[in-house]
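Visitor: pasting the structure only:
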């Protein structure tokens, strides 16, 4: 009788153990699923700030590249203006150099023809040699006759002032600064007009450089 009664008790115990095991496995599975969900949520929370940060870095890079290119273009424009002003002051230009080369070639041809004629006709060579000093005198007198109008015209050429290029000179004339004297000895109104060009490189020396030209 005791053995028969013990079998049902063992079966009940086994059933209880199985039920508890199932319950615990379900709890463990639930905990694992919750942990995975939390992990996915944390991963999304991390990915969004990282994406946002990368986007901000790309935007910052684009802004810096644009700022660098704009600054580079501005510097190159200033360099070209300075180069043009120096070329104009030295009297160097593409057309001038070509004209000089043509004139020198013409002179060489004329001198060659003269030497040939001089070798054939000796008396004629003496006459031309006697007339050469007169030609030099007339050549020396021509620049003296053009000095007075050149100075009056140059007073309005703002590019003569060191640091002022053609583009800056054009803007100054549009603002009402049309002569070097206005830069050298500016009135109260001229000072207000010149203040608009305070960002131009070498602005602090414009007045002193202009006074040198007067």
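Guide: Okay, I see it. The shown structure was predicted, so the numbers you read here are calculated from the model rather than taken from an experiment.

Visitor: So for the one helix or strand residue 49 maps to, mean pLDDT?
Guide: Per DSSP states H and E: residue 49 is located in helix 2-90. Model confidence over helix 2-90 averages 86 on the pLDDT scale.

Visitor: Show me what counts as buried in stretch 165-173.
Guide: 165, 167, 168, 169, 172 (16 or more other CB atoms under 10 Å). Where you see a C-beta, it was placed from the backbone N, CA and C, and this is true even at glycine.

Visitor: Among the residues you listed, which ones are in helices?
Guide: 167, 168, 169, 172 (DSSP state H).

Visitor: what's the distance between the second one and residue 159?
Guide: Distance from residue 168 to residue 159, counting by CB to CB, to the nearest Å: 8 Å.

Visitor: Likewise for the last one?
Guide: According to CB to CB, residue 172 and residue 159 sit 10 Å apart.

Visitor: do residue 189 as well
Guide: Distance from residue 189 to residue 159, by CB to CB: 23 Å.

Visitor: again with residue 169
Guide: Taking CB to CB, one finds residue 169 at 5 Å from residue 159.

Visitor: repeat for residue 202
Guide: In terms of CB to CB, residue 202 sits 13 Å off from residue 159.

Visitor: Neighbour count for the two, which is higher?
Guide: Between residue 202 and residue 159, counted using other CB atoms under 10 Å, the more crowded position is residue 159 (21 against 14).

Visitor: Walk me through the domains of this structure.
Guide: 1-48, 149-214 (automatic domain parsing).

Visitor: wait, which of those is closest to residue 59?
Guide: Nearest of the domains of the chain to residue 59, taken as CB to CB: domain 1-48 at 16.6 Å.

Visitor: can you redo the ones in helices among the buried residues of stretch 165-173 as TSV with distance to residue 207?
Guide: Putting these into TSV (distance: CB to CB, whole Å) gives the following:
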residue	distance to residue 207
167	20
168	15
169	15
172	13
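
Visitor: For the residues you listed, work out which two are farthest apart.
Guide: 167 and 172 (9.9 Å).

Visitor: what touches both of these two?
Guide: The overlap between the contact sets of residue 167 and residue 172 (CB atoms under 8 Å, 6 or more residues apart in numbering) is empty.

Visitor: Which elements pack onto the helix holding residue 49?
Guide: helix 166-175 (3 or more CB pairs under 8 Å, 6 or more residues apart in numbering; DSSP states H and E).

Visitor: List the contacts of the helix it packs on.
Guide: With CB under 8 Å, 6+ apart, helix 166-175 has contacts from 77, 81, 84-85, 88, 157-159, 164, 178, 193-194, 196-197, 200.
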